[in-house]
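Student: what follows is a predicted protein model with its sequence.
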Amino acid sequence: MKTWLSIRAYAKLVGKDFDEVLALVDSGEIVSKEEDGEIFIEADSQRHLPSASAGGEVLKVDLETGDGIQFVEKTIGTILTMHEKVVDAKDETLQALKNENQFLKDALMSMQELYDEDRKTIETLSNELNATREELEFMKRKYKLMWGKVVEKHAGAEK
């Protein structure tokens, strides 16, 4: 798929006057087309990019030797490799987070089970404590009934 720029946008991109770009179009040095009365330039026409500008250097592509194309291909390859490494690192991070979340979930479930067991133990101990209190009260009443009068007689006789 080709990308097309208006002639004014292309002129601005390559740093040339509109008339210079129009002359290049007329001479056939630049691939162009006309639609609705407006001229469009193929954006891949890099032959007329400036080799240097006031703001800094611009990569000069020599289309015949392919040196610039090889540089661009290597750069794209490097970017793709770095992207793959980032994606792999992201996947590893996600897997580590999933593992950590599973560990935390298991720990939480284990703590919940321990809590339930402790709650049952507390309930059982509370029931046993209440039963022991009732038994103690029963034994006190029984003791008073059995030994209360004997203790009173014996306490009264010693006086």
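Tutor: It's in.
Student: just the helices from this protein, written as ranges.
Tutor: Secondary structure of the chain, counting by DSSP state H: helices at 7-14, 18-27, 67-158.
Student: find the centremost residue of this structure, please.
Tutor: In the chain, the centroid-proximal residue (Cα atoms, centre = their mean) is Leu94; its distance is 7.3 Å.
Student: could you check how far that residue is from Val86?
Tutor: Distance from Leu94 to Val86, counting by Cβ to Cβ, to the nearest Å: 12 Å. In this view, the C-beta of every residue, glycine as well, is placed from N, C-alpha and C.
Student: ok, now Lys140?
Tutor: 79 Å.
Student: buried residues, stretch 31-46. List them.
Tutor: Of the residues in stretch 31-46, 32, 39-41, 45 count as buried by neighbour count, 16 or more other Cβ atoms under 10 Å.
Student: just stretch 74-83 next, same as before
Tutor: Buried residues in stretch 74-83 (16+ other Cβ under 10 Å): none.
Student: got any ranges where the chain has weak pLDDT?
Tutor: 1, 43-68, 159 (pLDDT under 70).
Student: ok so, going back, so which of the buried residues of stretch 31-46 are in strands?
Tutor: 32, 39-41 (DSSP state E).
Student: the buried residues of stretch 31-46: which two are farthest apart?
Tutor: Distance extremes for these: the farthest pair is Ile39 and Ser45 at 12.6 Å, using Cβ to Cβ.
Student: picking that back up, out of the helices of the chain, indicate the one that is most buried.
Tutor: Stretch with highest mean neighbour count among the helices of the chain: helix 7-14 (a mean of 17; mean count of other Cβ atoms under 10 Å).
Student: C-alpha coordinates for it, CSV please?
Tutor: What follows is helix 7-14 as a C-alpha-only set of coordinates in CSV (Å, rounded to 0.1, in the frame of the first residue of the first chain):
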residue,chain,number,x,y,z
ILE,A,7,2.4,18.4,-3.0
ARG,A,8,2.5,21.1,-0.4
ALA,A,9,3.0,18.7,2.5
TYR,A,10,5.7,16.9,0.5
ALA,A,11,7.5,20.1,-0.3
LYS,A,12,7.4,21.1,3.3
LEU,A,13,8.7,17.6,4.3
VAL,A,14,11.7,17.7,1.9
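Student: what packs against it?
Tutor: Under the contact definition 3 or more Cβ pairs under 8 Å, 6 or more residues apart in numbering; DSSP states H and E, helix 7-14 sits against helix 18-27, strand 38-42.
Student: in JSON lines: these, plus distance to Lys120.
Tutor: Below are those laid out as JSON lines (distance: least, Cβ to Cβ, whole Å):
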{"stretch": "helix 18-27", "distance to Lys120": "87"}
{"stretch": "strand 38-42", "distance to Lys120": "80"}
